[in-house]
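Asks: Give me a 3D structure for the following:
(one chain, ligands or ions: 2)
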Amino acid sequence: DNFQNERNKPNSYTYGSPRTRAKNDVIKTNNIQGEESQHFTMSDEPVLDSCPSKIPSLMDPSTSIGFLQPQEISLADQCFSRPQCDFFNPFRTMDGSCNNLQYPTWGQANTASTRIIQANYSDGYAQPRKSISGRELPNARKIRTAILQDIDKSSSKNNLFVMQYAQIVTHDTEFTLLKESGPNGPLKCCNEDGSAPEILPKECLQIKISDNNEPHSKHRCLSVPRALDTSDRGCNIKPVRQMIGVSSFIDASILYGSDLETSRSIRKFKNGKLRRQLGPNGKSYLPNVKKATELCNVTLDSTVCYVTGDPRVNIQPDMSVVTILLMRLHNYLCDELKRLNPKWDDERIYQEARRLLIAMHQHVTYNELVPVILGKDFARENYLLPLSKGFDDSYDQYLNPTTITSFTAAAFRSLHSSIRGFIELVNEARKITSKIRLSDFFFKPDIVQKQDNYDSFTRGLLTQHAQEVDQYFTEEISEFAVRIPDRHQHIDLPSVDLERGRDYGEPSYNKFRQLCGLNEAKTFDDLIDQIDKKDIDALSKVYEHVDDVDYYVAGLLEKSKPGSMLGHTFQCVVGEMFFRLKYGDRFYYEFGHQIGSFKLDQLEEIRKTTLGLIVCITSDIYSVQRNMFEVPSSRNPLVSCNSIAKLNLSAWKEE
Ligand code: HEM
Ligand SMILES: [Ca+2]
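Replies: Numbering: from 1, shown residues only. Ligands and ions are numbered 1, 2, ... in the order given. Below is the predicted model:
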């Protein structure tokens, strides 16, 4: 019946379909018309990639091994009741439900993630994978300290804004919920004194820190509560799927919330606006939480801890800064829309401003961020770049946009490697005025609204180099990070990332090689096509067998692809996710002829959006570089905000 239908279609429809070829033509035409030179004037000639990493959706099934059986692809849909959809609603729901009218739970918050590759659990259900020898896999912390050390390697041109916008997109599209996290915070899998418990609670994974390996560490145990999954929702699909706490779509749920209640709690209900507080300097900041939560350890009425659509806003100051940027943008758009349409009521202005902000955010994501992360050639070849004119009519209702486990539990976490341990504050003359140590400011955003720090943080994001995405991580997140404020919940982020992959049942690296069109490695030496010899040696020292190697570790060791921050298999899986988040989103801003589509003149205006313009609108910064994800240089000079065309929203004026 119905269930059977949805199983079969995705594969037969997306693999090498005529739609793919049609799109190819469109892209070629654009190139001839010189769309190239528009935003990336400095872009070099295309770099030939001898072994291009395609994304599985666009691969011929004979090249990519589609490991999942068709009937497994949307298995988890059965776990959740079918929401009632309003077919004529031109606006997105808050939780992402009903985006797909046929499969209305796709992408909905608090439903299960989806898999693109067969899970590997040792019991076929939920227990983490073992070595093919039957023994336990090597300890995550041991791998981390052996291979994922702290070595300072700056990216040559990418700035920290790449890191920050990527974290925004992360929180927009994924939120791993932990088992038994309640009023007391997440489950504690280690003793208070940092030692390892004799008997491990069954909802825990545990990373022991061995005496031999690290005699001087004061910790003996890293707590890793397991992720909430379908079994916790009373649904017995096998193997389990982990729950995702936010709407999968790139819909600014970080700002608006992923449920109706949250979204209403942060609205002002006047002229469409979001609530805000005035800082000492008369500028807008997010409002403070009223009472303490797990992620906000407020002690005084005056403690600054922000409330917005997503509770992770306070995790580190730059995350707060960019969320404030989005809030200011929303309220700015409300003013503009109200001026053009004085008759619109609060609800109408709110929804129209939200729709427009999401479109701008998607445009920045696909036009500016995705080409930097994945490489411009890769983005173009895989239809990820926006068109330069006209509507895109390629919405694919059989493409599942739900957050992919391999993306959230491994591939996209690779950008943790781009984090810097010290954050620079920078003045208008682009001089560094101070530096803060990241670990001093986890969950302490009050620094953001002191003096003109907001602008100084933003300039810092624009001028400070990101770290390279490689096997190295700053100790600020591997040694000095905490999961929640003031609870001595020590966390080693790269170790947890690695362990989280096992928690999610991600198979070993070798399977991803095949998924992404590479040969299966029979021996460690076969990894040489992607990984340097010395790193292969390091892998063979910690792992028993090449089939044991974790995807996260090997992916970090892969040489990056031309023009991309990522290696072959991360580029492939991250590319697949961005492809689905575009063509599987009925409300994607470039689509025409959908109930929520923009008018053509509105779309053309949205396409003029750049991150530079948004920063100029929302701050007291007077100049920005054109290519906002690269540090300023003679090839990427600062330009005055006055020279950047303001948005012209006259196309939003109703008769
Ligand atoms: C200082 C900055 C950051 C901190 C402190 C931080 C911290 C964390 C923490 C504590 C987790 C949860 C780990 C777990 O229990 O599984 C996490 C998850 C994650 N982070 Fe970060 N992160 C930072 C920046 C970034 C950036 C720049 C990216 C860019 C892509 C990113 C991507 C992710 C992803 C994809 C996840 C998994 C999300 C989920 O499934 O919930 N993070 N991060
Ligand atoms: Ca979202």
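Asks: Identify the residues contacting stretch 640-652?
Replies: Stretch 640-652 has contacts (C-beta atoms under 8 Å, 6 or more residues apart in numbering) with 333, 336-337, 340-341, 352, 356, 599, 601-602, 605, 608-610, 612-613, 616-617, 621-624. Placement of C-beta: from N, CA and C, glycine included.
Asks: In PyMOL, how would I select the buried members of those?
Replies: To isolate the buried ones among those in PyMOL, judged by 16 or more other C-beta atoms under 10 Å, type:
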select buried, resi 333+336+337+341+352+356+602+605+609+610+612+613+616+617+621+623+624
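Asks: Filter the contacts of stretch 640-652 down to the ones in helices?
Replies: Mapping these onto helices (DSSP state H) picks out 333, 336-337, 340, 352, 356, 601-602, 605, 612-613, 616-617.
Asks: all helices for the stretch 351-500 of the chain, in order.
Replies: 370-374, 376-381, 405-408, 453-463, 475-478, 493-503 (DSSP state H, counting those that start in this stretch).
Asks: next helix or strand past the last one?
Replies: Later in the chain than helix 493-503, the nearest helix or strand by DSSP states H and E is helix 509-515.
Asks: then that next one to CSV, C-alphas only?
Replies: Below are the C-alpha coordinates for helix 509-515, written out as CSV (Å, rounded to 0.1, in the frame of the first residue of the first chain):
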residue,chain,number,x,y,z
TYR,A,509,35.3,4.0,6.9
ASN,A,510,35.6,1.2,4.3
LYS,A,511,31.8,1.2,3.7
PHE,A,512,31.8,5.0,3.1
ARG,A,513,34.6,4.5,0.6
GLN,A,514,32.3,2.3,-1.4
LEU,A,515,29.2,4.5,-0.9
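Asks: If you count contacts, what does it end up packed against?
Replies: Packed against helix 509-515, as judged by 3 or more C-beta pairs under 8 Å, 6 or more residues apart in numbering; DSSP states H and E, are the following elements: helix 551-557, helix 568-583.
Asks: Would you reformat these as TSV and include mean pLDDT?
Replies: Shown next, in TSV, are the helices and strands packed on helix 509-515 (pLDDT from 0 to 100):
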stretch	mean pLDDT
helix 551-557	98
helix 568-583	97
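Asks: Neighbours of residue 54, how many?
Replies: By the criterion of other C-beta atoms under 10 Å, residue 54 has 20 neighbours.
Asks: Out of the helices and strands packed on helix 509-515, which is closest to residue 253?
Replies: Go through the helices and strands packed on helix 509-515 one by one with C-beta to C-beta and the one that ends up closest to residue 253 is helix 568-583, at 12.4 Å.
Asks: hang on, the earlier thing: considering the helices of the stretch 351-500 of the chain, which stretch scores lowest in mean pLDDT?
Replies: Mean pLDDT is lowest for helix 475-478 out of the helices of the stretch 351-500 of the chain, coming in at a mean of 93.
Asks: From residue 252, how far off is residue 126?
Replies: 33 Å (C-beta to C-beta, to the nearest Å).
Asks: So these two - more neighbours on which side?
Replies: Here residue 126 and residue 252 are compared on neighbour count by other C-beta under 10 Å; more neighbours surround residue 252, at 25 against 17.
Asks: Which residue, other than its chain neighbours, is closest to the residue of the stretch 51-200 of the chain found nearest ligand 2?
Replies: Nearest to ligand 2, among the residues of the stretch 51-200 of the chain, is residue 172, at 4.2 Å (C-beta to the ion). Nearest residue to residue 172, sequence neighbours excluded (C-beta to C-beta, 6 or more residues apart in numbering): residue 254, at 5.1 Å.
Asks: I'd say the one you found and residue 323 touch.
Replies: Yes. Counting by C-beta atoms under 8 Å, residue 254 does reach residue 323; the two are 6.1 Å apart.
Asks: so what's in contact with these two at the same time?
Replies: Shared contacts of residue 254 and residue 323 (C-beta under 8 Å, 6+ apart): 168, 308, 310, 313.
Asks: check contacts around residue 353.
Replies: By C-beta under 8 Å, 6+ apart, the residues touching residue 353 are 272, 330, 333-334, 337.
Asks: Can you tell me how far it is from residue 652?
Replies: Distance of residue 353 to residue 652, given as C-beta to C-beta: 10 Å.
Asks: do the helix or strand harbouring residue 166 and ligand 1 meet?
Replies: Taking DSSP H and E as the definition, residue 166 sits inside helix 160-173. Yes. Interface with ligand 1: helix 160-173 contributes 163, 166-167, 170 (C-beta under 6 Å from any ligand atom).
Asks: Show me which residues of the stretch 101-250 of the chain sit near ligand 1.
Replies: Counting by C-beta under 6 Å from any ligand atom, the stretch 101-250 of the chain sits next to ligand 1 at 163, 166-167, 170, 174-176.
Asks: Throw the residues you listed into a markdown table and include pLDDT and neighbour count, thanks.
Replies: Shown next, in a markdown table, are these (pLDDT from 0 to 100; neighbours: other C-beta atoms under 10 Å):
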| residue | pLDDT | neighbour count |
| --- | --- | --- |
| 163 | 98 | 24 |
| 166 | 98 | 24 |
| 167 | 98 | 22 |
| 170 | 98 | 20 |
| 174 | 98 | 22 |
| 175 | 97 | 23 |
| 176 | 97 | 19 |
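Asks: Among the residues you listed, which one lies nearest to residue 594?
Replies: Nearest member of those to residue 594, counting by C-beta to C-beta, is residue 174, at 24.8 Å.
Asks: Apart from its neighbours in sequence, what residue is nearest the closest one?
Replies: That would be residue 408: by C-beta to C-beta, 6+ apart, it lies 4.2 Å from residue 174.
Asks: who's in contact with the one you found?
Replies: Contacts for residue 408 (C-beta under 8 Å, 6+ apart) come out as 113, 173-174, 176, 244, 504.
Asks: if I look at it, how far off is residue 175?
Replies: Counting by C-beta to C-beta, the separation of residue 408 from residue 175 is 9 Å.
Asks: And residue 298, by the same measure?
Replies: Going from residue 298 to residue 175 by C-beta to C-beta gives 22 Å.
Asks: How about residue 278?
Replies: Residue 278 sits 30 Å away from residue 175, going by C-beta to C-beta.
Asks: Residue 581 versus the residue nearest to residue 360 when sequence neighbours are not counted, what's the distance?
Replies: Spatial nearest neighbour of residue 360, excluding adjacent residues (C-beta to C-beta, 6+ apart): residue 609 at 4.5 Å. Computed as C-beta to C-beta, the residue 609 to residue 581 distance reads 18 Å.
Asks: ok, now residue 448?
Replies: In this structure, residue 448 and residue 581 are 29 Å apart, going by C-beta to C-beta.
Asks: now residue 125
Replies: Computed as C-beta to C-beta, the residue 125 to residue 581 distance reads 29 Å.
Asks: Between the two, which has more neighbouring residues?
Replies: For residue 125 versus residue 581, neighbours defined as other C-beta under 10 Å are more numerous around residue 581 (29 against 14).
Asks: OK, contacts around that one?
Replies: 173, 248-250, 401.
Asks: Can you name every helix or strand that the host helix or strand of residue 157 contacts?
Replies: Assigned by DSSP H and E, residue 157 belongs to strand 154-159. Packing partners of strand 154-159 (3+ C-beta pairs under 8 Å, 6+ apart): helix 453-463, strand 465-467.
Asks: repeat that with 10 Å
Replies: helix 370-374, helix 453-463, strand 465-467 (3 or more C-beta pairs under 10 Å, 6 or more residues apart in numbering; DSSP states H and E).
Asks: Not counting its neighbours along the chain, what's nearest residue 187?
Replies: residue 225 (4.1 Å).
Asks: any idea how far that neighbour is from residue 310?
Replies: Shown here: residue 225 relative to residue 310, a distance of 19 Å by C-beta to C-beta.
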